[in-house]
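Undergrad: Sequence first, then the predicted structure, then my questions.
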Amino acid sequence: MVTVRAPGKVILYGEHAVVYGEPALAMAINKYVYVTARARSDGKININARDLRLAGISVTISENGDIIARTDYGAVISALSYVKRAVELAMGYVDKKVGIDLEIRSEMPVGAGLGTSAAVAVATIYAYIKELGYDIDKRELARLAWQVEKDVQGSASPTDTTMATFGGIMFVKPEGNNAVMEPVRPGTNVPLIIGYVPRVSTTKDLVAMVRRKYETMRDVIEPIIRSIGLITRKGREALERGDLELMGVLMNINHGLLDALGVSTRQLNEMVYAARNAGALGSKLTGAGGGGCMIALSDKVEVEKAIELTGGSVLKAVLDINGVVVVSND
Ligand SMILES: Nc1ncnc2c1ncn2[C@@H]1O[C@H](COP(=O)(O)OP(=O)(O)O)[C@@H](O)[C@H]1O
Ligand SMILES: C[C@@](O)(CCOP(=O)(O)O)CC(=O)O
Ligand SMILES: [Mg+2]
(Lines give C-alpha, C1' and ligand atoms only; values in the text may rest on other atoms or scores of the structure.)
(Ligands and ions follow the chains in the order given, each with its own letter.)
Protein backbone atom coordinates (compact mmCIF):
# COMPACT_ATOMS: atom_id res chain seq x y z
CA MET A 1 0.00 0.00 0.00
CA VAL A 2 1.38 3.40 -1.01
CA THR A 3 0.27 6.86 0.10
CA VAL A 4 1.47 9.92 -1.80
CA ARG A 5 0.62 13.58 -1.47
CA ALA A 6 0.71 16.41 -4.00
CA PRO A 7 0.41 20.12 -3.16
CA GLY A 8 -2.11 22.69 -4.33
CA LYS A 9 -1.00 26.08 -5.62
CA VAL A 10 -1.84 29.72 -5.94
CA ILE A 11 -1.31 31.51 -9.21
CA LEU A 12 0.42 34.83 -8.51
CA TYR A 13 -0.06 36.04 -12.10
CA GLY A 14 -1.24 34.69 -15.42
CA GLU A 15 -4.27 32.38 -15.05
CA HIS A 16 -6.40 32.05 -18.18
CA ALA A 17 -3.78 33.88 -20.31
CA VAL A 18 -1.54 30.83 -19.77
CA VAL A 19 -4.09 28.73 -21.67
CA TYR A 20 -3.22 30.93 -24.70
CA GLY A 21 0.55 30.49 -24.51
CA GLU A 22 1.40 33.30 -22.10
CA PRO A 23 3.45 32.49 -18.98
CA ALA A 24 2.11 32.08 -15.45
CA LEU A 25 3.90 32.52 -12.13
CA ALA A 26 2.67 30.12 -9.45
CA MET A 27 3.56 29.01 -5.95
CA ALA A 28 2.90 25.56 -4.49
CA ILE A 29 1.28 25.65 -1.05
CA ASN A 30 1.42 23.37 1.98
CA LYS A 31 -2.11 22.08 1.46
CA TYR A 32 -2.26 18.62 -0.05
CA VAL A 33 -4.28 15.99 -1.83
CA TYR A 34 -3.45 12.52 -0.47
CA VAL A 35 -3.93 9.38 -2.53
CA THR A 36 -3.57 5.91 -1.05
CA ALA A 37 -3.30 3.04 -3.55
CA ARG A 38 -3.57 -0.68 -2.89
CA ALA A 39 -3.33 -3.18 -5.74
CA ARG A 40 -6.22 -5.66 -6.08
CA SER A 41 -6.14 -9.17 -7.44
CA ASP A 42 -9.59 -9.03 -9.08
CA GLY A 43 -8.84 -6.30 -11.64
CA LYS A 44 -11.45 -3.87 -10.27
CA ILE A 45 -10.88 -0.16 -9.73
CA ASN A 46 -12.44 1.02 -6.50
CA ILE A 47 -12.35 4.76 -5.87
CA ASN A 48 -13.15 6.26 -2.50
CA ALA A 49 -13.21 10.03 -3.08
CA ARG A 50 -14.37 11.22 0.33
CA ASP A 51 -14.37 14.92 -0.46
CA LEU A 52 -16.77 14.51 -3.34
CA ARG A 53 -19.42 13.15 -0.97
CA LEU A 54 -20.78 10.70 -3.51
CA ALA A 55 -22.09 7.45 -2.10
CA GLY A 56 -22.76 4.23 -3.95
CA ILE A 57 -20.32 4.58 -6.81
CA SER A 58 -19.33 1.45 -8.61
CA VAL A 59 -16.37 1.56 -10.92
CA THR A 60 -15.58 -1.20 -13.37
CA ILE A 61 -13.22 -1.78 -16.25
CA SER A 62 -15.03 -2.54 -19.49
CA GLU A 63 -13.78 -5.10 -21.97
CA ASN A 64 -11.87 -2.55 -23.99
CA GLY A 65 -10.16 -1.41 -20.78
CA ASP A 66 -12.08 1.84 -20.20
CA ILE A 67 -12.87 2.69 -16.63
CA ILE A 68 -16.56 3.33 -16.13
CA ALA A 69 -17.86 5.05 -13.01
CA ARG A 70 -21.60 4.67 -12.44
CA THR A 71 -24.02 5.77 -9.78
CA ASP A 72 -27.05 3.79 -8.72
CA TYR A 73 -28.86 5.70 -11.49
CA GLY A 74 -26.41 4.48 -14.10
CA ALA A 75 -24.94 7.88 -14.94
CA VAL A 76 -21.25 8.28 -15.47
CA ILE A 77 -19.94 10.63 -12.84
CA SER A 78 -18.09 13.51 -14.40
CA ALA A 79 -16.62 14.47 -11.03
CA LEU A 80 -14.47 11.36 -11.17
CA SER A 81 -13.18 12.12 -14.64
CA TYR A 82 -9.77 13.38 -13.45
CA VAL A 83 -9.19 10.22 -11.38
CA LYS A 84 -10.44 8.00 -14.18
CA ARG A 85 -8.17 9.55 -16.81
CA ALA A 86 -5.20 9.53 -14.40
CA VAL A 87 -5.63 5.78 -13.80
CA GLU A 88 -5.88 5.14 -17.55
CA LEU A 89 -2.66 7.02 -18.25
CA ALA A 90 -0.86 5.35 -15.32
CA MET A 91 -1.92 1.94 -16.69
CA GLY A 92 -0.58 3.00 -20.07
CA TYR A 93 2.74 4.01 -18.50
CA VAL A 94 3.31 0.68 -16.72
CA ASP A 95 1.72 -1.14 -19.67
CA LYS A 96 -0.45 -3.26 -17.34
CA LYS A 97 -4.04 -3.12 -16.17
CA VAL A 98 -3.89 -4.03 -12.52
CA GLY A 99 -6.97 -3.37 -10.39
CA ILE A 100 -6.57 -0.90 -7.54
CA ASP A 101 -8.24 0.55 -4.46
CA LEU A 102 -7.77 4.32 -4.39
CA GLU A 103 -8.58 6.54 -1.46
CA ILE A 104 -8.45 10.28 -2.14
CA ARG A 105 -8.52 13.00 0.47
CA SER A 106 -8.08 16.76 0.06
CA GLU A 107 -6.99 19.36 2.60
CA MET A 108 -8.23 22.05 0.23
CA PRO A 109 -11.71 23.03 -0.88
CA VAL A 110 -12.37 21.14 -4.10
CA GLY A 111 -12.91 23.25 -7.21
CA ALA A 112 -11.94 26.58 -5.67
CA GLY A 113 -8.91 27.62 -7.70
CA LEU A 114 -6.25 25.91 -5.60
CA GLY A 115 -5.54 23.22 -8.17
CA THR A 116 -7.08 20.13 -6.57
CA SER A 117 -7.75 18.66 -10.04
CA ALA A 118 -4.04 18.80 -10.87
CA ALA A 119 -3.00 17.51 -7.43
CA VAL A 120 -5.45 14.60 -7.84
CA ALA A 121 -4.05 13.82 -11.30
CA VAL A 122 -0.40 13.94 -10.18
CA ALA A 123 -0.96 12.02 -6.93
CA THR A 124 -3.16 9.34 -8.56
CA ILE A 125 -0.69 8.61 -11.36
CA TYR A 126 2.26 8.57 -8.96
CA ALA A 127 0.49 6.37 -6.38
CA TYR A 128 -0.54 3.84 -9.04
CA ILE A 129 2.94 3.62 -10.53
CA LYS A 130 4.64 3.37 -7.12
CA GLU A 131 2.18 0.75 -5.83
CA LEU A 132 3.03 -1.44 -8.80
CA GLY A 133 6.73 -1.10 -7.98
CA TYR A 134 7.70 1.18 -10.86
CA ASP A 135 9.25 4.63 -10.89
CA ILE A 136 8.77 7.69 -13.09
CA ASP A 137 10.82 10.75 -13.90
CA LYS A 138 9.13 13.90 -12.54
CA ARG A 139 9.07 15.59 -15.95
CA GLU A 140 7.24 12.59 -17.39
CA LEU A 141 4.84 12.57 -14.44
CA ALA A 142 4.09 16.28 -14.97
CA ARG A 143 3.52 15.62 -18.67
CA LEU A 144 1.06 12.77 -18.03
CA ALA A 145 -0.84 14.79 -15.42
CA TRP A 146 -1.04 17.76 -17.82
CA GLN A 147 -2.52 15.33 -20.35
CA VAL A 148 -5.21 14.45 -17.78
CA GLU A 149 -6.09 18.15 -17.37
CA LYS A 150 -6.15 18.68 -21.15
CA ASP A 151 -8.33 15.62 -21.75
CA VAL A 152 -10.85 16.47 -19.03
CA GLN A 153 -10.88 20.27 -19.33
CA GLY A 154 -10.72 20.50 -23.11
CA SER A 155 -7.90 22.99 -22.94
CA ALA A 156 -5.56 23.36 -20.01
CA SER A 157 -2.17 24.83 -19.27
CA PRO A 158 0.67 22.90 -17.60
CA THR A 159 0.73 25.33 -14.64
CA ASP A 160 -1.13 23.42 -11.92
CA THR A 161 0.30 20.01 -12.76
CA THR A 162 3.84 21.47 -12.80
CA MET A 163 3.31 22.92 -9.33
CA ALA A 164 1.74 19.73 -7.94
CA THR A 165 4.71 17.74 -9.29
CA PHE A 166 7.68 19.98 -8.47
CA GLY A 167 6.51 22.39 -5.76
CA GLY A 168 8.30 25.71 -5.18
CA ILE A 169 7.71 28.87 -7.18
CA MET A 170 7.74 28.39 -10.93
CA PHE A 171 7.48 30.39 -14.12
CA VAL A 172 5.53 28.14 -16.49
CA LYS A 173 4.97 28.71 -20.18
CA PRO A 174 3.27 26.30 -22.56
CA GLU A 175 5.01 25.87 -25.91
CA GLY A 176 2.89 23.54 -28.00
CA ASN A 177 2.97 20.18 -26.28
CA ASN A 178 5.96 21.17 -24.17
CA ALA A 179 6.12 23.24 -21.04
CA VAL A 180 8.87 25.67 -20.12
CA MET A 181 9.21 25.27 -16.35
CA GLU A 182 11.65 27.60 -14.65
CA PRO A 183 12.11 27.58 -10.87
CA VAL A 184 12.10 31.15 -9.55
CA ARG A 185 14.23 32.24 -6.63
CA PRO A 186 12.29 34.89 -4.71
CA GLY A 187 14.20 37.94 -3.45
CA THR A 188 11.99 37.95 -0.38
CA ASN A 189 9.44 35.88 1.50
CA VAL A 190 5.98 36.30 -0.12
CA PRO A 191 3.36 36.95 2.58
CA LEU A 192 0.04 35.63 1.33
CA ILE A 193 -3.45 35.43 2.74
CA ILE A 194 -5.96 33.28 0.87
CA GLY A 195 -9.66 34.18 0.94
CA TYR A 196 -12.28 31.65 -0.11
CA VAL A 197 -15.95 31.59 -1.06
CA PRO A 198 -17.64 28.52 -2.55
CA ARG A 199 -17.57 28.26 -6.33
CA VAL A 200 -20.29 26.79 -8.49
CA SER A 201 -18.65 26.63 -11.90
CA THR A 202 -15.80 24.28 -12.74
CA THR A 203 -12.48 25.29 -14.25
CA LYS A 204 -13.60 23.52 -17.42
CA ASP A 205 -16.66 25.80 -17.75
CA LEU A 206 -14.71 28.99 -17.00
CA VAL A 207 -11.97 28.16 -19.48
CA ALA A 208 -14.69 27.43 -22.09
CA MET A 209 -16.42 30.75 -21.32
CA VAL A 210 -13.20 32.71 -21.92
CA ARG A 211 -12.63 30.66 -25.09
CA ARG A 212 -16.04 31.71 -26.46
CA LYS A 213 -15.21 35.38 -25.85
CA TYR A 214 -11.82 34.93 -27.44
CA GLU A 215 -13.38 33.39 -30.52
CA THR A 216 -16.15 35.95 -30.93
CA MET A 217 -14.15 39.09 -30.00
CA ARG A 218 -10.57 38.18 -30.63
CA ASP A 219 -9.49 41.78 -31.29
CA VAL A 220 -10.77 42.82 -27.84
CA ILE A 221 -9.68 39.76 -25.84
CA GLU A 222 -6.25 39.16 -27.38
CA PRO A 223 -4.70 42.41 -26.01
CA ILE A 224 -6.02 41.57 -22.52
CA ILE A 225 -4.36 38.18 -22.69
CA ARG A 226 -1.06 39.63 -23.94
CA SER A 227 -1.20 42.29 -21.25
CA ILE A 228 -1.61 39.60 -18.56
CA GLY A 229 1.45 37.88 -20.05
CA LEU A 230 3.46 41.11 -19.68
CA ILE A 231 2.30 41.50 -16.09
CA THR A 232 3.48 37.96 -15.34
CA ARG A 233 6.97 38.66 -16.73
CA LYS A 234 7.21 41.92 -14.74
CA GLY A 235 5.82 40.16 -11.67
CA ARG A 236 8.58 37.57 -11.90
CA GLU A 237 11.25 40.30 -12.05
CA ALA A 238 9.66 42.09 -9.09
CA LEU A 239 9.61 38.84 -7.10
CA GLU A 240 13.25 38.11 -7.89
CA ARG A 241 14.22 41.63 -6.77
CA GLY A 242 12.08 41.32 -3.65
CA ASP A 243 9.98 44.34 -4.69
CA LEU A 244 6.71 43.53 -2.89
CA GLU A 245 5.18 46.95 -3.63
CA LEU A 246 5.49 46.47 -7.37
CA MET A 247 4.24 42.90 -7.02
CA GLY A 248 1.12 44.27 -5.34
CA VAL A 249 0.49 46.89 -8.03
CA LEU A 250 0.83 44.22 -10.71
CA MET A 251 -1.58 41.90 -8.85
CA ASN A 252 -4.18 44.67 -8.82
CA ILE A 253 -3.86 45.25 -12.56
CA ASN A 254 -3.98 41.49 -13.17
CA HIS A 255 -7.22 41.27 -11.18
CA GLY A 256 -8.76 44.11 -13.21
CA LEU A 257 -7.97 42.27 -16.43
CA LEU A 258 -9.40 38.98 -15.10
CA ASP A 259 -12.55 40.89 -14.14
CA ALA A 260 -12.61 42.26 -17.69
CA LEU A 261 -12.50 38.69 -19.00
CA GLY A 262 -15.62 38.02 -16.92
CA VAL A 263 -14.18 35.47 -14.49
CA SER A 264 -14.52 37.49 -11.29
CA THR A 265 -17.67 37.71 -9.17
CA ARG A 266 -19.14 40.22 -6.77
CA GLN A 267 -18.00 38.18 -3.77
CA LEU A 268 -14.48 37.83 -5.14
CA ASN A 269 -14.33 41.57 -5.86
CA GLU A 270 -15.55 42.34 -2.35
CA MET A 271 -12.79 40.23 -0.81
CA VAL A 272 -10.22 41.74 -3.17
CA TYR A 273 -11.19 45.34 -2.34
CA ALA A 274 -11.63 44.69 1.38
CA ALA A 275 -8.10 43.27 1.51
CA ARG A 276 -6.65 46.31 -0.25
CA ASN A 277 -8.55 48.73 1.98
CA ALA A 278 -7.21 46.91 5.03
CA GLY A 279 -3.63 47.44 3.89
CA ALA A 280 -2.74 44.56 1.55
CA LEU A 281 -0.06 45.55 -0.97
CA GLY A 282 -2.16 43.96 -3.70
CA SER A 283 -4.88 41.38 -4.23
CA LYS A 284 -6.43 39.35 -7.00
CA LEU A 285 -8.53 36.30 -7.66
CA THR A 286 -6.47 33.14 -8.11
CA GLY A 287 -7.22 30.13 -10.28
CA ALA A 288 -10.11 30.00 -12.71
CA GLY A 289 -12.40 32.42 -10.78
CA GLY A 290 -16.20 32.31 -10.81
CA GLY A 291 -15.97 32.33 -7.00
CA GLY A 292 -13.37 30.26 -5.21
CA CYS A 293 -10.16 31.85 -4.00
CA MET A 294 -8.40 35.20 -3.97
CA ILE A 295 -4.96 36.08 -2.65
CA ALA A 296 -3.84 39.17 -0.78
CA LEU A 297 -0.20 40.18 -0.56
CA SER A 298 -0.04 40.76 3.17
CA ASP A 299 0.62 39.19 6.55
CA LYS A 300 -1.70 41.57 8.42
CA VAL A 301 -4.39 40.18 10.67
CA GLU A 302 -6.51 43.22 9.67
CA VAL A 303 -6.56 41.91 6.11
CA GLU A 304 -7.74 38.48 7.31
CA LYS A 305 -10.50 40.12 9.33
CA ALA A 306 -11.53 42.33 6.40
CA ILE A 307 -11.86 39.28 4.15
CA GLU A 308 -13.94 37.49 6.79
CA LEU A 309 -16.19 40.53 7.20
CA THR A 310 -17.23 40.23 3.54
CA GLY A 311 -18.33 36.64 4.22
CA GLY A 312 -15.19 34.88 2.98
CA SER A 313 -13.14 32.26 4.86
CA VAL A 314 -9.42 32.65 5.37
CA LEU A 315 -7.03 29.83 4.57
CA LYS A 316 -3.49 30.03 5.82
CA ALA A 317 -0.83 28.49 3.64
CA VAL A 318 2.90 28.79 3.05
CA LEU A 319 5.23 27.67 0.31
CA ASP A 320 5.67 23.93 -0.38
CA ILE A 321 9.09 23.12 -1.79
CA ASN A 322 8.76 19.37 -2.26
CA GLY A 323 6.02 18.81 -4.81
CA VAL A 324 4.69 15.26 -4.96
CA VAL A 325 6.19 12.84 -2.41
CA VAL A 326 5.61 9.34 -1.13
CA VAL A 327 4.34 9.65 2.42
CA SER A 328 4.30 5.95 3.25
CA ASN A 329 5.04 2.72 1.42
CA ASP A 330 4.44 -0.66 3.07
N1 LIG B 1 -10.55 14.82 -3.49
C2 LIG B 1 -10.94 14.60 -4.75
N3 LIG B 1 -11.38 13.40 -5.16
C4 LIG B 1 -11.74 13.21 -6.45
N5 LIG B 1 -11.73 14.15 -7.40
C6 LIG B 1 -11.32 15.37 -7.05
C7 LIG B 1 -10.89 15.66 -5.72
N8 LIG B 1 -10.50 16.95 -5.68
C9 LIG B 1 -10.71 17.44 -6.91
N10 LIG B 1 -11.18 16.51 -7.76
C11 LIG B 1 -11.58 16.70 -9.16
O12 LIG B 1 -11.20 18.00 -9.55
C13 LIG B 1 -12.38 18.81 -9.86
C14 LIG B 1 -12.15 20.25 -9.46
O15 LIG B 1 -11.20 20.78 -10.34
P16 LIG B 1 -11.25 22.26 -10.88
O17 LIG B 1 -12.64 22.62 -11.30
O18 LIG B 1 -10.16 22.37 -11.88
O19 LIG B 1 -10.88 23.13 -9.59
P20 LIG B 1 -9.51 23.17 -8.76
O21 LIG B 1 -8.49 22.44 -9.57
O22 LIG B 1 -9.20 24.61 -8.65
O23 LIG B 1 -9.77 22.57 -7.42
C24 LIG B 1 -13.49 18.11 -9.10
O25 LIG B 1 -14.76 18.39 -9.67
C26 LIG B 1 -13.10 16.65 -9.26
O27 LIG B 1 -13.43 16.17 -10.54
C1 LIG C 1 -7.74 29.12 -15.50
C2 LIG C 1 -6.45 28.31 -15.45
O3 LIG C 1 -5.39 29.13 -15.93
C4 LIG C 1 -6.11 27.91 -14.03
C5 LIG C 1 -7.15 27.06 -13.37
O6 LIG C 1 -6.82 26.73 -12.04
P7 LIG C 1 -7.84 25.99 -11.06
O8 LIG C 1 -8.25 24.71 -11.72
O9 LIG C 1 -9.00 26.92 -10.87
O10 LIG C 1 -7.07 25.76 -9.81
C11 LIG C 1 -6.62 27.10 -16.36
C12 LIG C 1 -5.33 26.40 -16.71
O13 LIG C 1 -4.23 26.96 -16.51
O14 LIG C 1 -5.42 25.28 -17.24
MG1 LIG D 1 -8.14 22.56 -11.67
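TA: It's in. Residues are numbered from 1 along each chain as shown. Ligands and ions are numbered 1, 2, ... in the order given.
Undergrad: Could you list the residues in contact with the host helix or strand of residue 258?
TA: In this structure, residue 258 sits in helix 244-261 according to DSSP states H and E. Residues from elsewhere that reach helix 244-261 (Cβ atoms under 8 Å, 6 or more residues apart in numbering): 12-16, 188, 190-191, 210, 213, 221, 224, 227-228, 231-232, 234-235, 238-239, 264, 269, 272, 276, 280-285, 289, 295, 297. Bear in mind the C-beta positions are built from the backbone N, C-alpha and C, glycine included.
Undergrad: in the stretch 201-330 of the chain, which spans are strands?
TA: Taking DSSP state E, counting those that start in this stretch as the criterion, the stretch 201-330 of the chain contains strands spanning 283-286, 292-297, 313-315, 325-329.
Undergrad: Need the ones you listed in CSV (columns: mean pLDDT and distance to ligand 2).
TA: Below are the strands of the stretch 201-330 of the chain laid out as CSV (pLDDT from 0 to 100; distance: least, Cβ to the nearest ligand atom, whole Å):
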stretch, mean pLDDT, distance to ligand 2
strand 283-286, 98, 8
strand 292-297, 98, 6
strand 313-315, 96, 13
strand 325-329, 96, 20
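Undergrad: Now do the closest residue to residue 112 other than its chain neighbours against residue 29, distance only.
TA: Spatial nearest neighbour of residue 112, chain neighbours left out: residue 292 (4.0 Å); criterion: Cβ to Cβ, 6 or more residues apart in numbering. Separation of residue 292 from residue 29 (Cβ to Cβ, to the nearest Å) stands at 14 Å.
Undergrad: Of the two, give the one with the bigger neighbour count.
TA: More crowded of residue 292 and residue 29, by other Cβ atoms under 10 Å: residue 292, with 27 against 24.
Undergrad: residues contacting the more buried one?
TA: 109, 111-114, 196-199, 268, 285-286.
Undergrad: What residues are bridge-paired with it?
TA: Beta-bridge partners for residue 292, by DSSP bridges, are residue 197.
Undergrad: sorry, back to before: and of the contacts of residue 292, the nearest to residue 171?
TA: residue 286 (16.1 Å; Cβ to Cβ).
Undergrad: Just the buried residues of the longest helix seen in the chain, please?
TA: In the chain, assigned by DSSP state H, the helix with the most residues is helix 218-241. Across helix 218-241, burial judged by 16 or more other Cβ atoms under 10 Å covers 221, 224-225, 227-229, 231-236, 238-239.
Undergrad: out of the strands of the stretch 201-330 of the chain, which comes closest to ligand 1?
TA: strand 292-297 (6.6 Å; Cβ to the nearest ligand atom).
Undergrad: who's in contact with the residue in the stretch 101-250 of the chain positioned nearest to ligand 3?
TA: Nearest to ligand 3, among the residues of the stretch 101-250 of the chain, is residue 117, at 3.3 Å (Cβ to the ion). Applying Cβ under 8 Å, 6+ apart to residue 117 gives the contacts 82, 111, 149, 152-153, 160, 203.
Undergrad: taking those residues one by one, which sit in helices?
TA: Those of the contacts of residue 117 lying in helices (DSSP H): 82, 149, 152-153, 160, 203.
Undergrad: one step back: now the contacts of residue 292 as JSON lines including neighbour count?
TA: What follows is these, written out as JSON lines (neighbours: other Cβ atoms under 10 Å):
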{"residue": "109", "neighbour count": "20"}
{"residue": "111", "neighbour count": "23"}
{"residue": "112", "neighbour count": "23"}
{"residue": "113", "neighbour count": "31"}
{"residue": "114", "neighbour count": "30"}
{"residue": "196", "neighbour count": "21"}
{"residue": "197", "neighbour count": "21"}
{"residue": "198", "neighbour count": "12"}
{"residue": "199", "neighbour count": "23"}
{"residue": "268", "neighbour count": "30"}
{"residue": "285", "neighbour count": "28"}
{"residue": "286", "neighbour count": "30"}
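Undergrad: returning to that earlier point: closest one to residue 43 among the strands of the stretch 201-330 of the chain?
TA: Closest of those to residue 43 is strand 325-329, at 22.6 Å (criterion: Cβ to Cβ).
Undergrad: which strands and helices sit next to the closest one?
TA: strand 2-13, helix 116-131 (3 or more Cβ pairs under 8 Å, 6 or more residues apart in numbering; DSSP states H and E).
Undergrad: Show residues contacting it.
TA: With Cβ under 8 Å, 6+ apart, strand 325-329 has contacts from 1-5, 34, 126, 130.
Undergrad: for stretch 272-279, same thing?
TA: Residues outside stretch 272-279 that contact it (Cβ under 8 Å, 6+ apart) are 193, 195, 252, 255, 264, 282-285, 294, 296, 298, 300, 302-303, 305-307, 309-310.
Undergrad: Same check on stretch 145-160?
TA: Here stretch 145-160 makes contact (Cβ under 8 Å, 6+ apart) with 9, 11, 14-15, 18-19, 24, 26, 81-82, 85-86, 89, 115, 117-119, 121-122, 125, 142, 161-162, 164-165, 172, 174, 179, 181, 203-204, 207-208, 211.
Undergrad: out of those, which are buried?
TA: Using 16+ other Cβ under 10 Å, the buried ones in the contacts of stretch 145-160 are 9, 11, 14-15, 18-19, 24, 26, 81-82, 85-86, 89, 115, 117-119, 121-122, 125, 142, 161-162, 164-165, 172, 174, 179, 181, 203-204, 207, 211.
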